[in-house]
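> I would like the atomic coordinates for the input below:
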Amino acid sequence: MRNNIIRPTEEEMDLSGFQLFKKLTEEEYTRLNYDKTCSVYKKGTVLYREGSRLTGFYCITKGIIKVYKTGIDGKEQIIRFAKKGEIIAYRSLLSQELACTTAKVIEEAVLCHISYQTLLFLIQSNWQFSHHMLQIVCRELREANDYITDIAQKTVRERLAEVLLLLKENFELDNQNTLQISLTREELANIVGTATESVIRLLSEFKQDNLIELQGRKIKFLNIPGLQRVANL
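Numbers count the residues shown, from 1 in each chain. Reported below is the predicted structural model:
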């Protein structure tokens, strides 16, 4: 569902900062800009749902998107949080399958939609673009393999510490050492793959151990080496 009232700024529609498009020729980049459709999406907007037919992929120029799968009992399993400079919905598009995940806006976002026809044109005309796309898919596969290994071999306590460190790496800390993404306890549990009650209890333990400080949904890092030891990295 698009917001047709608020229009993105020229800066928010600029794709020149995306590494994926760095090797495009002037003609290819012109085609990309001509074909793209950029819109503002409010918090809570569902971009696409699991099982839907995708017509293109999305480039995020602002905001944060939650990508997740839904289990048999309706519980979410969060796959990743995508932010500015990243793309989503490309894997199902490349395989020409129905969407295997759902994407939801958790912080007001601007996304540029690139059609499947444009993607095919770029893949067929520029081998460096194709190679970069392949690298992105391989990186996602590696991350999925790492997650499966963690689920099988690490305790919930270790996984939660690792998730906090990964969030720090992806979204960084402000000048107060506070994580720059605000998540509910349920969302944290859905990333770790455990019950919400377990995450609440473990966060309290981390606080007691002076590893973190909790300020509502905000998490302040007090002892990063300590979290690394807990995560068994």
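> can we go C-alpha only for contacts and neighbour counts from here?
Fine.
> List the buried residues for the longest helix along the chain?
Across the chain, the longest stretch assigned as helix under DSSP state H is helix 127-153. Across helix 127-153, burial judged by 16 or more other C-alpha atoms under 10 Å covers 128, 129, 130, 132, 133, 147, 150.
> my guess is the second one meets residue 19, correct?
Just to be clear, that refers to residue 129. No - between residue 129 and residue 19 there is no contact under C-alpha atoms under 8 Å: 9.6 Å.
> so what's the backbone phi/psi at residue 37?
Phi and psi for residue 37, reported as degrees, to the nearest 10, are phi -130, psi 110.
> count of residues packed around it?
14 (other C-alpha atoms under 10 Å).
> Flag the shaky bits of this structure, pLDDT-wise.
Scanning the chain for pLDDT under 70 picks out 1-5.
> can you give me the strands for it?
37-41, 46-48, 56-70, 76-82, 87-88, 102-115, 212-215, 218-221 (DSSP state E).
> picking that back up, looking at the buried residues of helix 127-153, spot the one nearest residue 233.
Nearest to residue 233 among the buried residues of helix 127-153 is residue 150, at 10.9 Å by C-alpha to C-alpha.
> quick one: the closest one and residue 159 touch, right?
Yes - with contacts counted by C-alpha under 8 Å, residue 150 reaches residue 159, the gap being 6.9 Å.
> Out of the strands of the chain, the one nearest residue 154 is which?
strand 76-82 (17.5 Å).
> That closest one versus strand 102-115: what angle between them?
Counting by axes from the mean of the first three to the mean of the last three C-alpha atoms, to 10 degrees, strand 76-82 lies at 40 degrees to strand 102-115.
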